[in-house]
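Trainee: Model the following, please.
(one chain, ligands or ions: 1)
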Amino acid sequence: MKQMHLMALLMHTPINHMMMSWADPQDKRVEQLGSLQAWQAFAQKLEQGFFDGMFFADIPTAHDNYHDRTDEAVRYGVCWPAHDPVALVGAMAAATSHIGFATTVSVSALHPYQLVRTISTLDYLTGGRVGWNVVTGHSRSEHRAFGLPQMDHDERYARAQEFLEICYALWDGIPPEAILVDKENGVFADPERIRKVRFDGKYLKCHATPAVLPSPQGRPVIFQAGSSGPGLRFAADHADVVFSLQREFPAMINVIDQLKSAAIERGRTRPVNVAFGFQIVVGSTEGEAEQRSRRLIGKIPVEAALARASGTLGIDLGQVDIDKPMQEMDTQASRGTMAAIAKMFGKSNKTIRQVIAESGQAIGFPQLIGTPEQLADKLESMWRKSQCHGFILSPAISHWDLEVFVDEVVPLLQRRGIYRQAYEANSLRGNLLN
Ligand SMILES: Cc1cc2nc3c(=O)[nH]c(=O)nc-3n(C[C@H](O)[C@H](O)[C@H](O)COP(=O)(O)O)c2cc1C
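Mentor: Below you'll find the model as predicted:
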């Protein structure tokens, strides 16, 4: 029977989506930041709850759009420090046996040969438990850090297409029969069977002999979160799982339908899997959970929220009148996040100041607030009605909300027969895409 899939969304920074959560006495993210043991224990906890995987969002550099500086991001720990999530995977995989690890890596500054070498080596070492969230690099600071010009939105996707073509060529270049490891005759592999890569594109070149052995899952699982026209087409071409932010059923169903149409148009034959992101706030009563959410939001300085929103939206909100009503603005950065925020507040007539203060709780992430029973009800109902693949859950408080989720929500979902009691496979692909 079809079952609900769950991933835990994390960032290798002091916060996830709730700004200033690091300063809450209940939050342990800062204590965890430099402790491999703490990350390992958390991965084990999520494995106890049979999560398909941990999904790491990532912006590799401090947001710098607000007033053209990083001061607010640094002062308030807004995704700064920005540690590399890829560096965590080996340690967490060594302490677990089934849970998968998907990391976001932007294609803008890396060459695909380097990306495949790192991610696929981890995939090989973990027996196929690795995923990659492909992002095109919407952050201006990322380009400044690497000394690169920032391409415009649609061109970034055109370059990303070439990037993925090279990745496939590298991933598919070593068929199993090419590896002989014939100790008697001293032959490691048959060079005739290794498919060399010769790629000369508009943006990228690669001439190489593929260098990393495939894992049992073949290649890493691909995630994607773009939701503009080019983003949807890119997802239809490449994503095993598409990550989307929608708060209403009609919008959820609309995204799934759009992706299915794009998939048909692009000749995709495998199923389209869409997972919806939510920030979770769990309490022993609904009132307690709501109070906690309000307490957290109440501590967010407007400048911290403006710094992050400016970075994500690619707009300097220091230069606009934030007391004017919020409306969708054109951006070369994340059109998906812009649309999510505009949709969330579009009809409310709220000012940019109010919208930004409120979205500081989750920067476009819809919230699920309530008791374990209420969360189980909402997730089950959304899953059944939208027929989505599952959910990517970001804790308001690290790691409190996810730990309570494992202890109190997972058993409810299991009792309802819609969530696994044991892993089906040893690889991320085998569990997540079954
Ligand atoms: C739910 C969601 C999560 C995202 N996570 C990241 C991330 O971790 N790192 C990043 O650089 N971009 C992230 N993005 C940005 C997208 O991957 C994409 O590059 C951006 O939305 C621009 O594409 P679009 O205009 O097609 O939406 C995210 C976007 C959404 C909607």
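
Trainee: Can you tell me how far the residue nearest to residue 112 when sequence neighbours are not counted is from the ligand?
Mentor: Closest residue to residue 112 apart from its sequence neighbours, by Cβ to Cβ, 6 or more residues apart in numbering: residue 166 at 4.0 Å. Placement of C-beta: from N, CA and C, glycine included. According to Cβ to the nearest ligand atom, to the nearest Å, residue 166 and the ligand sit 19 Å apart.

Trainee: what do you get for residue 228?
Mentor: Here residue 228 is placed at a distance of 3 Å from the ligand (Cβ to the nearest ligand atom).

Trainee: quick one on the thing from earlier: ok, then the element right after the helix or strand containing the residue nearest to residue 112?
Mentor: Under the criterion of DSSP states H and E, residue 166 resides in helix 153-171. As assigned by DSSP H and E, the chain's next helix or strand after helix 153-171 is strand 179-182.

Trainee: what sits up against that following strand?
Mentor: Contacts to strand 179-182, defined as Cβ atoms under 8 Å, 6 or more residues apart in numbering, come from residues 187, 188, 189, 190, 213.

Trainee: Next, format those residues as JSON lines and append pLDDT, distance to residue 105 and neighbour count.
Mentor: Output for the contacts of strand 179-182, formatted as JSON lines (pLDDT from 0 to 100; distance: Cβ to Cβ, whole Å; neighbours: other Cβ atoms under 10 Å):
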{"residue": "187", "pLDDT": "98", "distance to residue 105": "35", "neighbour count": "11"}
{"residue": "188", "pLDDT": "98", "distance to residue 105": "30", "neighbour count": "11"}
{"residue": "189", "pLDDT": "98", "distance to residue 105": "28", "neighbour count": "15"}
{"residue": "190", "pLDDT": "98", "distance to residue 105": "32", "neighbour count": "13"}
{"residue": "213", "pLDDT": "97", "distance to residue 105": "20", "neighbour count": "14"}
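
Trainee: So which of these is the closest to residue 48?
Mentor: Each of these was scored against residue 48 by Cβ to Cβ, and residue 213 proved nearest at 30.8 Å.

Trainee: Contact partners for the spatially most central residue of the chain?
Mentor: Closest residue to the average C-alpha location of the chain: residue 57 at 4.2 Å, with Cα atoms, centre = their mean. Residue 57 makes contacts with 9, 10, 11, 16, 104, 133, as judged by Cβ under 8 Å, 6+ apart.

Trainee: Report the contact partners of residue 119.
Mentor: 86, 103, 105, 130, 132, 220.

Trainee: mind listing which of those are in helices?
Mentor: residue 86 (DSSP state H).

Trainee: ranking the contacts of residue 119 by neighbours, who comes first?
Mentor: residue 130 (30 neighbours; other Cβ atoms under 10 Å).

Trainee: how close does the nearest residue to it once chain neighbours are set aside get to the ligand?
Mentor: Closest residue to residue 130 apart from its sequence neighbours, by Cβ to Cβ, 6+ apart: residue 123 at 3.9 Å. Using Cβ to the nearest ligand atom, one gets 19 Å for the distance from residue 123 to the ligand.

Trainee: now do residue 2
Mentor: 23 Å.

Trainee: I'd assumed that residue was in a helix, is it?
Mentor: No: when classified by DSSP: H, G, I helix; E, B strand; the rest coil, residue 2 is found to be coil rather than part of a helix.

Trainee: tally of neighbours for it?
Mentor: Neighbours around residue 2, by other Cβ under 10 Å: 10.

Trainee: swap in residue 36?
Mentor: Residue 36 has 15 nearby residues by other Cβ under 10 Å.

Trainee: and it, what pLDDT?
Mentor: Note on residue 36: pLDDT of 97.
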